[in-house]
Structure formats: C-alpha cells, structure tokens
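Novice: A structural model of the following input is requested.
(4 chains)
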Protein chains: 4
Amino acid sequence: MTVHQYQPRVYHSALGSFTPVLRIASGDTVVTTTVDAAGQDSSGTKVTSGPNPQTGPFYVEGAEPGDVLAVRFDRLWPNRRTGWSSSALAPNVVDPSFVTEMPSRQKSPRAQWELDLEKGTGTLVEPETRPRRLILPLRPMLGCFGVAPPNRQTISSDTSGTYGGNMDYRGFVQGVTVYFPVFSPGGLLFVGDGHAVQGDGEITGTGVETSFDVAFTAKLLKGKEIGWPRAENEEYIMTIGNARPLDQALQHATSEMLRWLLKEFCLDTRLTHILLGQCVEYDIGNVFDPAYTVVCRLNNRWIRLLK
Amino acid sequence: MTVHQYQPRVYHSALGSFTPVLRIASGDTVVTTTVDAAGQDSSGTKVTSGPNPQTGPFYVEGAEPGDVLAVRFDRLWPNRRTGWSSSALAPNVVDPSFVTEMPSRQKSPRAQWELDLEKGTGTLVEPETRPRRLILPLRPMLGCFGVAPPNRQTISSDTSGTYGGNMDYRGFVQGVTVYFPVFSPGGLLFVGDGHAVQGDGEITGTGVETSFDVAFTAKLLKGKEIGWPRAENEEYIMTIGNARPLDQALQHATSEMLRWLLKEFCLDTRLTHILLGQCVEYDIGNVFDPAYTVVCRLNNRWIRLLK
Amino acid sequence: MTVHQYQPRVYHSALGSFTPVLRIASGDTVVTTTVDAAGQDSSGTKVTSGPNPQTGPFYVEGAEPGDVLAVRFDRLWPNRRTGWSSSALAPNVVDPSFVTEMPSRQKSPRAQWELDLEKGTGTLVEPETRPRRLILPLRPMLGCFGVAPPNRQTISSDTSGTYGGNMDYRGFVQGVTVYFPVFSPGGLLFVGDGHAVQGDGEITGTGVETSFDVAFTAKLLKGKEIGWPRAENEEYIMTIGNARPLDQALQHATSEMLRWLLKEFCLDTRLTHILLGQCVEYDIGNVFDPAYTVVCRLNNRWIRLLK
Amino acid sequence: MTVHQYQPRVYHSALGSFTPVLRIASGDTVVTTTVDAAGQDSSGTKVTSGPNPQTGPFYVEGAEPGDVLAVRFDRLWPNRRTGWSSSALAPNVVDPSFVTEMPSRQKSPRAQWELDLEKGTGTLVEPETRPRRLILPLRPMLGCFGVAPPNRQTISSDTSGTYGGNMDYRGFVQGVTVYFPVFSPGGLLFVGDGHAVQGDGEITGTGVETSFDVAFTAKLLKGKEIGWPRAENEEYIMTIGNARPLDQALQHATSEMLRWLLKEFCLDTRLTHILLGQCVEYDIGNVFDPAYTVVCRLNNRWIRLLK
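Specialist: Here you go, the predicted model:
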C-alpha cells in the first residue's frame, strides 16, 4: 500500500492510451494535483491548454480488459484561493424561443470567486454584490476523470462515455468510490477538472473552476464486469449514464442499477422493481457537454434490509 | 376565508371545462377527498374508473385568463390503510436492448402495501419480504392536479402541460404552494392521484397509490402572468416543465425560473446566471407519462441575499 | 354512395366530440371547403380564428370505438389565388447557439404567394425576387385532419396524436387514403389547414397557407384495429407516428408498420425484418408542432412480391 | 492529376491520426478497395476485424486545419458476388413496449444475398423466398468514411461526428462529392463499409454488406471553413448532421445549410428562410449508430434561380 507523490509535468486534453506517467499497484494511493479547466495551476499560472487538462494516465499493475478499477477519492480540495465561472447559461438549457433573451456567452466576462479553503466557502468577487456578498459553501468535486476508452480510442476530455470522462456530476466529491470498466492494460486512469462548487447540470458550462489537490486510492477488482461507471458513498450506491438526450443517459444508468442489484446483490427481481419504483433517486450530472449525464441512486439501507 | 367541506359525487379522468362542483372565493379552503388512480375510495370501494380520477373542478370567483391561481396544500394524507404499486419498471426507462430482460408488466401482479397513518410508514405486504420487512417512511403527495387547459381543451389526466396535470413529482407534498396560469373563467381546479410514497421518475408508473384526504387553500393573483406551473415551500422556489424528451422539460423549467428571477425578483441578469450556474437543483418528476416532468429548484436564501 | 355538398358555417380549432355537422354513410363522399390556418376563406375573408380551423366533424353512421375509418382524398386543391407563408425558420430546427443569428419570427412579415390554379404553380410575390421569380410547382396537401381523440378529449388543432391532427406531412395529397382508429361513436372526422406547397418538416411553421376545396370519401372498416394513422397511395403503404422527439415518432411509425406487415399482410417475421432493413423509407412530416411527425413508408411492390 | 492504385495492407476500425498509407496531391485520384463491415475482402476471406474496417488514411499534400477536403466518388461498386445483412431490427427503432415482440438479434442468423454486378441487382438467397424471389436494385454506397477527427482524437468507426465517420446514409453513392473540414495536417481520409443496398435509417444495423471497389478524387479547398460535412450531386446540395437524438442531428444539418446558403451562395436572409420552408427535404441517414444522421437537402435549381 504505497503512497506515491506525483507532480504532473504533462497534461492531456483527451482520455486515451497515452504513455503512463506512473505505475502503481492495486491498493496504492496517489497524491497529486490537477490544473483548472483552462490549464492554470495552483499559482494561477497557465501551464497547459484546455479543455479539461488531465493529470495521468496512471497504470494499475495487472489491470486487464474485463476487470474493474475502484478509485476512492481520499482528498479533493482546491489548492489555490481563486476560482472562476462562466456568467451565462448555455443556450441549450432554455427554450429555443428564449435564447434571444439571453446574454451572449462570448461577451459575458467570467465571474471571479475568492476561496476560503479553511472555512470552506467561496465568495463571488466579480461582479461584486451589495449590500451582501454571495458566499457559497464549497463542495469540491472532479468534473472530468476516467480510464482509457474502449477499442484504443482517444476521446476529448470535453465529453464522456462508459469509460467516464467529462461527467460534471456534483456528487463526485471526497469520500466517494467510483468504479470503471477496464478497457486497456493498466486501466490508465486520468483525473482533472476540479470544481470548488457546481450546480446540477453545469448549466453555465462551468463550476467554480480551480486547481486541486487530489489524493486517490486505486483498487483492482479482477474479473468483475460492469457496463457503466458505478459509485458508492456511505449512504448511496450510484450508477452513471452518459449520452444524449437525458432520456438515454437515464436508461443507461437505470439498466446498470438493475444489473448491479440483480447480479451482484442478488436481490429478487420483482422486489428489486418494487423497491426502485418507490426509492430510486435521479440526479442530473450535466446538460452542457456533448454527452449529458444522469445518475441513478439508491440508499444502501434498503439493500442491506433485503439481502 | 370560508372552509368548504366537499364530498365528491363525480370524478373526471380529464382536465377540462367541466361543470364546477363548487364555487369558492379567493382565500377559501376546501376540505375534500380523492380516490386512488384506479378509482377506489377510502373504503377501498371502486367508485369510478381511471386513469387518475380527479376531484373537482373548483371554480374560484373572479379568476380570468391572464391571472394566476395559488394553491396551498394544507393537508395531503392517505385516508385508508392500504396502497398498491406496480411491480415492474416501464420499458422506456431502460436501454432498448435491456427490455427483453425485464419482467412483463402485464404479468406482474400489483404489490400491496399496508399504511400506518399514525407512524407515517408504509410496509410492503405482498410480496412479503423476509427476514426483514420493507418499511418506507410515507411522503404523501399528489400525482395529478391542475387547472383547465388553454383553448378550452379537455386533456386526459394521464398527461401534463402548462396547466399542470399528471406531473407525478414527489415534491408536491403538504405545505407546498403551487401556482398555475388561469386559462378559463374560474380557473377550474382539479386534484387527484395521491401517492403515499413515490421514487423519482415514477419509473414503475405508480407510486404507492391510495385515496387521500386533501385540504387546500386557493388564492387568486390578478394579472400576474406565468408560463409554466411554479411552486414554493419554505426553502425552495420551483418551476415545473412538462414535455418529452426530458431535455425539453428541463428547458421549459429553466426558462420559467429565469423569467421568475428576472421579472419578479428583479435580480440582475448576469448575477442570476452566475447564481443559477452554481446553485440550481433539478429533480426528475416523472419519466413514465406521455409528457415527462423536470423541476428546476433554487434555495430561496440565495434570492433573499441578493434582493 | 351519396355525394354530400357541405358548406361550413362553424369551425373548430380543436378535435373533439363536438356536435356533428353532417351524418354520412360508409362509402359516401363529402364535397366541402376549408379555410386557411388563420381562418380566411376562398374570398380571403377572415371568417373564424386559428389555429388551423377545422371543417366538421362528420359523423359516419355505424362507426364505433375499435373500428377504422378510411378517408380517401378525392380532391384537395386551393380555392383562391393567394397564399401566405412564414418567412423565418423556427428556432427549434437550428442549433441553440445559432438561434441568435436568425431573423425574428415576430418581426419577419409573412411572405405572399400568387397561385395559378390551372398551371399548378405558386409564385412568390412578396418579397419579389429579381431578375427571376421563384415559381414552385403546387403540391396541395392537408396539414391538419383526423378524428375525435380517445377518452372524449378535446385537443387543440396545433398538435397531433394517434387520432391524427396537425401532422403537416407533405405526402397527404389528393389520391391518398388515410386510415384512423375510431375512438368515438361516428368517428367524427375533421379536415382543415390546406397547404398549396410545403417542405419537409414545415420548418417555418407554415406551408403556403390557403383555403381549399376538399372532397373525400369515407369508408368504415368494422373491427379492424390499428394503433396509429396509416395511409396508402398507388405506390406506398405508410404509417404515421406523432410525438417528440423525432426518435419516438419514428418508433411509433416503425412499430405500426411491423404490425401491419405481420398481422394483416401476414408476412413471415424474419423476412419482414430483412425487407424493412433494406427497403424502408422515412419522411419527416413536421418538426414544428408540439408533437413531431415521422412517416414510415414501404413500396407495395415488395409486399405484392412476397405475399 | 495522378491516378494512384492502392491495395490495402492495413485497416483501421477507428478514424484518427494514423500513419498515412499514401500521400496524394490535390486533384489526384485513388483507386482502391474496401473490405466489408466484418473484415471480409473481395474473395470473401476475413482479412481484418470490425467494426467497419477503414482503408487509409490518405494524406492530401498541403491540407491544414481550416481547409476543406472535397472527395468525389468516381466509382463505388461491390467487388464480389455475395453480401449479408442482419435479419432483425434494432430494438431502439420500435416502441419500448414493442421490443418484447421482436425476434432476438443474437439468435437471428444473417440473411445472405447474391449480387449480380452486371445487372445491378441483389437477390435474397437465405432465407429463400417462394414462389417469387426478392430481387432489389443495387444502389451501392459507403456507410463509413471521413477524415481524422479534431483535437487528435481517435474515434471508433462505429460512430460519426463533424469529421464524418459511420453516417450510413444511402445517398452517398457514386457521383456524389462530399466535403469535410480538415482537422489534421493532410486531412487523413478514410473509406470503408460498403453497402450494396440500404434502407433509410439502417434500421437493422446493416445494409447489404460487401467489399467494394472504390475510386475517388480528392481536392483541397484552401481556407474554406465548414462546420459539418456537406455534399453535392447533380441535383442537390446536402448538409449532414450527426448526433442524438434525431432532433439534434437535424439542427446541425439545418444550421449548416443556412450557413452555406447565406455565406457562400450569398442569398438574401429572408428569401433563404422562405425558400427552405417550402423546398427543404430531409433524409434520415441512420438511427442505429451511437450518433444518428440527418441529411438536409435542397434542389440546386432553386439556388441557381435566385443567385
């Protein structure tokens, strides 16, 4: 169970079978950093270009197609005191007839935020708000992370799929474990695109974008097959579908939840349907990226009860 | 501020310009009952047929097209000790290739629930679960309610639109105030389709269906124009979009939220976009009915801060 | 086989169980007229208001729920020498980010057309085009027609469903027979919304709108069940799906085509799938109305070959 | 204007920045072959594996990002006498509730076709049809072709985007010129996935799949920017949108058509909208692949008239 310190020297704005930056064993922890979506590091210096530059890939020894990688986020926290966000909603999240009433995204200057990393708050400083300031509780999360996609594809970090990618789901915070199918030897794990805060849907196309300290522990689960990313926190099991329209993302996530409950928790089929019908929860990850994201969640107390 | 007791003698499985069952003044309260989605009343007797038989319509004196009706749910609670739910997910909520792995909806007998109205719990009794029982906290809500649709249409209570209808949103519980545009003289308010519990999306096509005691207070807001249903509880303001696909329902709800914040709360445009980007929350009401439902929510403390 | 002359005195901007204007027997022909989408008759006089005022309903003796009405359009031809069209595309047919580059629909004056009913051409006269005029061949079609919807609903003539309605499909021309499921006693047939010309998708929200002479022959087919409108011309059989998004309209139309081929033409299942895979044709009826329309077509020579 | 004979020795089941197999000058012609979707060549020998193995990439000297490649298909014709197709529709093209009535794709053996390359016909030989045989006219087309995607991505040949790819549009036949944006030096052109026949939508997931003789002439258009693939034949100009749902593919194609007419043909804006409203035609390329394809077409005689 080694702890690796890794200081990135290279970034990728795509997920693919790039040369690994570090080889780790199952159970190892990596302590590293990510730059913000525009390539700025902890000192605010632009060290690479976007979109969503990724730190990695990390090669997990022994990982082969058909396995699963479990990635636990031990720490996800901004490592600088500034963040920025877009100040205009994306045109695709409003009625087509309403688009002309929207401010231009090109002409709307970025909003600027001041992050208090000790108190865990973000304050909007540009535009300034008076008489009271807009101070939000931080909920730091990773927007884009995942493994090398299937069939040796190299896919831009602006979109997502079965391999993860730019899911922009506000529930991917410290303490969550995310499971990915392995498509390439070593799995090839990428992390990036930290958001200090983000609303559902990432409807302006950004969270409060900033650079992050990231620590994660990767475990290899041999011979465990999954179709879409899965995740767990203390309370919930979650499945993630990435596609357009939202309807299809929801179908992917719901099908994966059924597979999980039926094949691994071995719940009774009729009971599983009854339970999901009354207890399922859905979150909208993003409605901005080329593929939208829907998360299907179930409180694990119901599962514990029925097993 | 009269309190009217109304015992229904007629039900409608559509929303439209039917003969009012009661005329009330703005500010009046109506205490009534609803039958379940299959037409069964508090004694379990089938007194009418579905889908979603509606109690009403209630005519609010003075309501004219271009006004708004505010309906506060003072009480929403089951009035019998049994409920039922479907025991099979709808085929449209899973991947098309997964449908053949699903149990048949036709052949899956309804699940039966026992409701403890004092403790506020629902227990699954058929199928029985062992060794432990599945006991869910009740969260009674109305699935289908609204006003007469525009242009003197009469529209089945299985779908929804700008006038409300079958939205099947689990957030429509006791204590919430819902706002509807008025399209017909008197507004013509309908209520029905109580669910003792329901998951997001109503993915089996039912909640735990049962008959309800319903008390609501209706207020007329003259000359206040809205495009889609709006709602408020102590913490949130909400806008509701009804359409397919989910993407379009989300567009309706988001556009209506922008109109609310900009035109009535008179927030600054750029600030509104920044705020929504980081603080908006979306709920998926239903993905089962002909029109899906997405709810756009904003915690009212951010608005109070910025006004 | 009576031929009825019917001169409309009343119009409906919805399809529903209105009082029949005429009762006819199966096999009878009705010779009547329709006003344009804005309510203007053959003299250009506005005699009613839109949207899509319908002539009818016509009651077919003996028609009961579970039957099918076959409506053959014997004549569909403009009955005045002017037409008009919108001069701006709908915002929902272009990319959300492109909407701001579009002319305003509100501020774009209607285009005006001159119809030569003998030559069968339409000439754009406002805006005038120079040095050459834009002269299109007429292909007169009905945009909105159908029967009373199921469950005694009354639904605006701006949308469509299993009962027909505002399908705006350019293939509904003279010589075509359209089949509707019967939901109400008498079927209650409506016709309206003539277009002298129309592109696929009705992407400006109008064809070349004008008043029409309409003659149709209605036949009752007892006990023949269909799920969606079907149609036939000399070359093709067609099924029509109305829904959003287009994907769902296409699913409705394709399912109905399969039902037709398998249950009524009794083709072999595997052969039907092979045949459709290589010979199916799809048309996009409209992408403007609340429900979009997709038509699934198959050349009947393949069916004749395989029966 | 050199004519290059190229006999493939390597195939790619993705489009990306692979090592060019041949460098050609603008105006040169390449005469080559493609294997079928399963990797079988003109002798029926499996020489590589799918999906949709691509011949290429061909490097066009001087092509840089921001240019356009025009690819004219001089010859597209099967080079063997057998083809195969799926014999079961995809579950996503029918109603979710209809999926269980469909034959299993896994269990449905491929259909086999005999191709008469001189007469230009394809005969279904397995299953055999009696008393008459199903003989279709050949309309040979390429299902998957395009250039290297933007941002040095490598994307599977099972999907499509702005760079082309697996569009499966039955209009891409001999004689058509297709225009692609250049994203990588040399453009890097790929061709593959020949279909001897195909219906709209490729709803079984295949055309009549076979190996092809392909001859094309590539021309470099410097500094001409386009957003999506465009195409031309003798009668039509066409724009191609690839996305899900169909609605979004249609939006891409329509926006690109507007850009073409307004910026390059320099038509008047209002006139362009009026013209498209009454004369546009849409084709559904495929509704099977991860990204669906919609083609927007306009008869060029209207443009010639108005220029």
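Novice: Local confidence estimate at the residue lying farthest from the centre of chain A?
Specialist: For chain A, the largest distance from the centre (C-alpha atoms, centre = their mean) belongs to A:P131, which lies 35.1 Å off. pLDDT for A:P131: 81.
Novice: ok, stretch A:158-171 near chain C or not?
Specialist: No. Applying C-beta under 8 Å from any C-beta of the partner chain, one finds stretch A:158-171 separated from chain C by no less than 14.8 Å. Bear in mind the C-beta positions are built from the backbone N, C-alpha and C, glycine included.
Novice: for that stretch, the distance to its chain's centre please.
Specialist: Per C-alpha atoms, centre = their mean, to the nearest Å, the displacement of stretch A:158-171 from the mean C-alpha position of its chain is 5 Å.
Novice: Quick one: mean pLDDT for that stretch?
Specialist: Computed over stretch A:158-171, the mean pLDDT rounds to 98.
Novice: tell me which residues in it are buried?
Specialist: In terms of neighbour count (16 or more other C-beta atoms under 10 Å in any protein chain shown), stretch A:158-171 has its buried residues at A:158-171.
Novice: Any idea how many residues pack against the closest residue in space to A:D74 that isn't next to it in sequence?
Specialist: Once its chain neighbours are removed from consideration, A:D74 has its nearest residue in A:A215; the separation is 4.3 Å (C-beta to C-beta, 6 or more residues apart in numbering or on different chains). Taking other C-beta atoms under 10 Å in any protein chain shown as the neighbour definition, A:A215 ends up with a count of 19.
Novice: Which positions in the stretch 51-200 of chain A make contact with chain C?
Specialist: Counting by C-beta under 8 Å from any C-beta, the positions of the stretch 51-200 of chain A adjacent to chain C are A:90-92, A:96-97, A:99-100, A:104.
Novice: how about 10 Å then?
Specialist: For the stretch 51-200 of chain A, the residues in contact with chain C (C-beta under 10 Å from any C-beta of the partner chain) are A:90-100, A:102, A:104-106.
Novice: For these, which entry has the maximal number of neighbours?
Specialist: Counting by other C-beta under 10 Å, A:V93 has the largest number of neighbours within these, with 28 neighbours.
Novice: Report pLDDT for that one.
Specialist: Listed pLDDT for A:V93 reads 98.
Novice: B:D247 is in contact with that one, correct?
Specialist: Yes. With contact defined as C-beta atoms under 10 Å, A:V93 reaches B:D247; the gap is 8.7 Å.
Novice: what residues do those two have in common as contacts?
Specialist: When C-beta atoms under 10 Å, 6 or more residues apart in numbering or on different chains defines a contact, the residues bordering A:V93 and B:D247 alike are A:V287.
Novice: Return the distance of the residue nearest to A:D74 relative to chain C.
Specialist: A:A215 sits at a distance of 38 Å from chain C (criterion: C-beta to the nearest C-beta, to the nearest Å).
Novice: mind listing what that residue touches?
Specialist: When the contact criterion is C-beta under 10 Å, 6+ apart, the partners of A:A215 are A:3-5, A:29-33, A:72-77, A:174.
Novice: same question, A:P20
Specialist: Under the criterion of C-beta under 10 Å, 6+ apart, the neighbours of A:P20 are A:56-60, A:148, A:185-189.
Novice: got the domain boundaries for chain A?
Specialist: A:3-82+A:138-221, A:230-306 (automatic domain parsing).
Novice: burial measure for A:N242, as a count.
Specialist: 29.
Novice: how about it, phi and psi?
Specialist: The phi and psi values for A:N242, taken as degrees, to the nearest 10, are phi -120, psi 120.
Novice: do A:F183 as well
Specialist: Summarising the backbone geometry of A:F183 under the convention degrees, to the nearest 10, its torsions are phi -110, psi -20.
Novice: That one and A:N151 touch, don't they?
Specialist: Yes. If you go by C-beta under 10 Å, A:F183 and A:N151 touch, sitting 7.5 Å apart.
Novice: who has more neighbours, these two?
Specialist: A:F183 (22 against 14).
Novice: Got the confidence number for the nearest residue to that one once chain neighbours are set aside?
Specialist: Using C-beta to C-beta, 6+ apart and skipping residues adjacent in sequence, the residue nearest A:F183 is A:P150, 4.2 Å away. pLDDT recorded at A:P150 is 98.
Novice: I'd like the next helix or strand past the helix or strand where A:D193 lies.
Specialist: Under the criterion DSSP states H and E, the helix or strand holding A:D193 is strand A:189-195. Following the chain from strand A:189-195 toward its C-terminal end, the next helix or strand by DSSP H and E is strand A:212-221.
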